[in-house]
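# coords please:
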Amino acid sequence: MLGVIVVKKQSREIFKDVIGLPARVIRAGGLMVAIAIAAIPAPATCFPWSIDMYRGPEIQPFAEAPRVTPADTIPVHGGEPPMSLEQAAIKMHNPLQATPENLAKGKEQFNAYCAPCHGESAQGNGPVAHILKKPPKSLLVGAIKDRPDGYIYGVIRDGALSSPSYAEEMPPEQRWRVVMYLRSMQSAAAAKAKVAGN
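Numbers count the residues shown, from 1 in each chain. Next up is the predicted model:
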């Protein structure tokens, strides 16, 4: 504390000697001096390296074309090659077996994603069917029952007409289970129609 008092006393004497003003005036005007010093614009100093990004060499990320992916390749993390609905109908085949577990999981996925439009019975009478512009078709009769499994799989994956794509919601295995469950429903409907016809 004594050192601070001595410094203050010495600084007053220095100001009195240098500026020629008494200590009282310096103390009273200290605030004004501080404001005046703060208000003086300081010259902007710029180090030479502060504009390196401006003067440096240009980086053009697309100056060289990226490597072209070879044809018929699949990403490392999984995926399927893009193909049309016709190609899917020809090339894609259900790799799963019709086990009770697969059918149960297929039914669960069908009821979650397909039944809102097509109905749980797949006859096109789902709870949102009445608000659609074009009513959904029955999946049990007509041309769909004669289409290959790959076609139905492609419709689930990519969508068709007013049916949306479920590629993000259902991985391939779940899509095949839905196809398998739909086939079991079609078989049951055909058997029922045959019994009713006899």
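# Is there a neighbour count for Ala160? I'd like the number.
14 (other CB atoms under 10 Å). (C-beta placed from N, C-alpha, C; glycine too.)
# do Met170 as well
Neighbours around Met170, by other CB under 10 Å: 18.
# quick check, it in a strand?
No - using DSSP: H, G, I helix; E, B strand; the rest coil, the secondary structure at Met170 is coil, not a strand.
# can you pull the contacts of the spatially closest residue to Met170 that is not a sequence neighbour?
What sits nearest to Met170 in space, not counting adjacent residues and going by CB to CB, 6 or more residues apart in numbering, is Gln109, at 6.2 Å. Gln109 sits next to 170, 174, 177-178, 181 when contact means CB atoms under 8 Å, 6 or more residues apart in numbering.
# Look at Gln109 and give its secondary structure.
Note that with three-state DSSP, the state of Gln109 is helix.
# Check what pLDDT it gets.
For Gln109, the pLDDT comes out at 91.
# where's it relative to Val155, distance?
Noted for Gln109: a distance of 14 Å to Val155, by CB to CB, to the nearest Å.
# Also Pro136?
12 Å.
# cool, Leu132 as well?
Leu132 is 16 Å from Val155, where distance means CB to CB.
# Mind checking which of these two has more residues around it?
Taking other CB under 10 Å, Leu132 and Val155 do not tie; Val155 has more neighbours (21 against 12).
# which stretches of this protein have low pLDDT?
Scanning the chain for pLDDT under 70 picks out 1-30, 42-57, 72, 74-79, 197-198.
# now the helices: where do they sit in it?
Applying DSSP state H to the chain gives helices spanning 2-19, 23-28, 30-39, 52-55, 85-91, 100-109, 115-118, 149-158, 172-197.
# The longest one: which residues count as buried?
Taking 16 or more other CB atoms under 10 Å as the neighbour-count basis, helix 172-197 is seen to contain the buried residues 172, 174-183, 185-186, 189.
# ok, those vs Pro61, which is closest?
Pro172 (33.9 Å; CB to CB).
# Could you measure from the closest residue to that closest one other than its chain neighbours over to Ala193?
Excluding the flanking residues, the one nearest Pro172 by CB to CB, 6+ apart is Glu80, at 6.8 Å. From Glu80 over to Ala193 the distance is 35 Å, taken as CB to CB.
# now do Gly106
22 Å.
# count of neighbours near the residue lying closest to Ser165 once chain neighbours are set aside?
Among residues not flanking Ser165 along the chain, Gly159 sits closest, at 3.8 Å (CB to CB, 6+ apart). Residues lying near Gly159 (other CB under 10 Å) number 14.
# Centroid-nearest residue for this protein?
The centroid of the chain falls nearest to Glu168 when counting by CA atoms, centre = their mean (10.4 Å).
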